[in-house]
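1. A predicted structure for the sequence below; I have some questions about it.
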Amino acid sequence: MRLLPRRPAAQTAIVAIDEASIDRLGSWPWPRARLAEIVDRAADAGARGVVFDILLVDPRDDDDRLAAALRRIPTVAVAVLADDGKWRFPAPSLRGAARLGHGNFEFDSDGILRRFSSTKQSGERALAALAFEAAWLVRVASVPVGRTVAPAFRTRPRDIPQVSAAELLAGGRGEVLRGRIVFVGLTAVALGDRVLTPVSTDAEAGVTVQAASAESVMRGEEIREMPPIVAGLIAAILVLVPRRWAPIVFLLVAGGFLLIAPPFVTLLAVIGTREVINVARSLRHTRSELTEHRVQEAESKRVLAHELKTPLASMRGLTQLLGDFDLTDAERKRVTSLLESEAGKLQSMVTGLLDLERLPLRDFHASTAVIDLGKLVAERVEFLRASTDRPLIMQSTPNVSVRADAVLVERVVDNLVGNALKYAEGPVTVAVRGNALEVSDQGPGLDAADRERVFQRFFRGSSAAGTNGLGLGLSLVAEVAKWHGGTASAEGAPGGGTLFRVTFGAT
């Protein structure tokens with residue numbers, strides 16, 4: 001691993017709480033407001049996201065200030081699965097401001113860190129590793145469940161660019177953080193954990209190892225088991241050589257396999273194993289798709305269970321209130337109204353999920369007809385104008401024919417326009433260009449990471465804070481687009497805001 005060519009850090013940087021920062025700003029722990037200022041400075045410098053590798057379990061008075069800073073930028077906060085089998089989470093007021101990732105390392109018997117677990121689970125709560133959550137901020141990808149990952153460390157922990165916290169707070173070196181995932185952590189020897197890796201000459205700060213692991217995950221650089229066919233060929237070669245030369249031949253063949261891989265594969269093809277390789281690749285691809293599907297299914301179930309807990313708990317409390325207390329008529333009406341509202345949320349959630357599950361099972365050709373997309377959308381926009389005083393601008397290319405289910409297209413229009421009216425101010429523009437439906441607003445817009453995830457079930461972007469919603473509307477939009485042979489995407493709108501685009505397949 002040490003002989004592999006090094007690669008510079010391309011995606012990560014570190015704000016280090018080092019000895020100089022402690023000397024200049026005071027002993028640890030620092031006030032949460034100062035940590036919030038570090039996050040603000042990283043966001044102002046143009047960081048792509050923040051990974052907060054400091055476990056803040058105890059609540060503090062200025063947690064709200066830190067939580068507000070964490071909500072400014074896509075953030076991952078560390079949690080740890082302790083030796084007693086229980087999770088150690090950030091303080092409650094911080095927990096909802098960031099995604100959580102586990103920071104546990106897996107040490108070998110010699111005390112060297114060579115691997116970590118892709119996920120950790122205790123009870124009903126499972127968390128992905130901090131490196132995978134950091135990679136998620138760059139590119140949405142499935143997380144392998146319960147698998148041991150051995151990063152190649154082509155980027156050494158000590159090679160991750162670092163900015164001292166004191167220097168950043170003084171207004172210096174913010175340009176180092178621009179466009180990168182910024183890890184905030186302890187590097188002072190007396191404070192943070194120290195870790196040895198296969199490429200270390202001295203103990204490294206834990207946060208630098210986390211950042212280097214994230215670089216490996218983002219580039220897919222992982223030490224993997226040798227494929228059985230290669231192991232078998234090496235064994236066959238060792239059988240054919242004299243015994244005294246076997247160790248040398250083994251080192252040359254095994255150590256140089258990465259260098260000879262292209263001609264080696266060509267040789268296999270010449271001797272008739274191309275079909276075997278193709279089948280193996282197809283099986284690996286199928287296995288990858290099945291794994292991703294299982295991960296998505298497990299995540300949907302986990303999120304659904306979480307989302308159901310809140311209204312169910314509220315309904316239980318309200319029911320007890322009705323049964324155990326002598327309420328006035330006004331109080332009883334108020335509690336009954338709240339109970340009805342929570343039941344409505346549950347009904348909406350179940351209905352939305354059923355719509356998502358049933359759609360792929362419908363017969364496309366039996367359920368669709370050729371329609372004029374521009375005309376249908378224009379009629380729906382005219383209907384929606386009656387329910388709002390906001391300007392709804394309609395633009396359309398004439399005679400756009402697509403094969404679609406008219407009712408589903410109307411639901412797409414309703415969801416996209418409804419979101420634009422809910423989360424943004426000013427006019428909303430609806431356009432039909434070719435076989436694409438576009439809805440744009442002039443609101444705060446979506447972060448780049450949110451644009452990729454906003455079509456997932458139950459996901460709600462940072463701009464949705466403080467508004468009602470279940471996070472299922474855009475999931476339905478994406479499923480409808482996919483069912484029609486098209487796509488759904490989100491991007492920045494000219495002049496600010498967000499532009500949602502839904503395409504439909506050919507007639």
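-> Happy to help now that I have it. Numbers count the residues shown, from 1 in each chain.
2. near the closest residue to Val140 other than its chain neighbours, how many other residues are there?
-> Spatial nearest neighbour of Val140, excluding adjacent residues (CB to CB, 6 or more residues apart in numbering): Glu452 at 4.5 Å. Backbone N, C-alpha and C define where each C-beta goes, glycine included. Here the count is done by other CB atoms under 10 Å, and Glu452 has 19 residues near it.
3. state the distance from Glu452 to Ala214.
-> 17 Å (CB to CB, to the nearest Å).
4. OK, contacts around Arg2?
-> Remark: with contacts taken as CB atoms under 8 Å, 6 or more residues apart in numbering, Arg2 is in contact with 198-199.
5. did I read that right, it in a strand?
-> No: using DSSP: H, G, I helix; E, B strand; the rest coil, the assignment for Arg2 is coil, not a strand.
6. so Ser213 is in which element?
-> Using DSSP states H and E, Ser213 maps to helix 206-219.
7. C-alpha coordinates for that helix, CSV please?
-> Extracted C-alpha coordinates of helix 206-219, given in CSV (Å, rounded to 0.1, in the frame of the first residue of the first chain):
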residue,chain,number,x,y,z
GLY,A,206,-8.6,10.6,14.0
VAL,A,207,-10.2,13.3,11.9
THR,A,208,-7.4,13.1,9.3
VAL,A,209,-8.0,9.3,9.0
GLN,A,210,-11.7,9.9,8.6
ALA,A,211,-11.0,12.5,5.8
ALA,A,212,-8.6,10.1,4.1
SER,A,213,-11.1,7.3,4.3
ALA,A,214,-13.7,9.5,2.7
GLU,A,215,-11.3,10.3,-0.2
SER,A,216,-10.9,6.5,-0.7
VAL,A,217,-14.7,5.9,-0.6
MET,A,218,-15.4,8.8,-3.0
ARG,A,219,-12.9,7.4,-5.6
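8. Pro427: neighbour count?
-> When counting by other CB under 10 Å, one arrives at 13 neighbours for Pro427.
9. excluding covalently adjacent residues, which one is nearest to it?
-> Nearest non-adjacent residue to Pro427, counting by CB to CB, 6+ apart: Pro391, 3.8 Å away.
10. any idea how many residues pack against the one you found?
-> 10.
11. contacting residues for Asp53?
-> Asp53 neighbours (CB under 8 Å, 6+ apart): 78, 103, 130, 183-186, 206-207, 210.
12. and it, backbone torsions?
-> phi -90, psi 40 (degrees, to the nearest 10).
13. any idea how far Val15 is from the nearest residue to it once chain neighbours are set aside?
-> In space, Asp53 comes closest to Gly185 once its chain neighbours are excluded; the distance is 3.7 Å by CB to CB, 6+ apart. Distance, Gly185 to Val15, by CB to CB: 8 Å.
14. then Ser21?
-> 9 Å.
15. which neighbours do the two share?
-> Common neighbours of Ser21 and Val15, using CB under 8 Å, 6+ apart, are 164-165.
16. these two: which is more packed in?
-> More neighbours surround Val15 than the other of Ser21 and Val15, with 33 against 24 (other CB under 10 Å).
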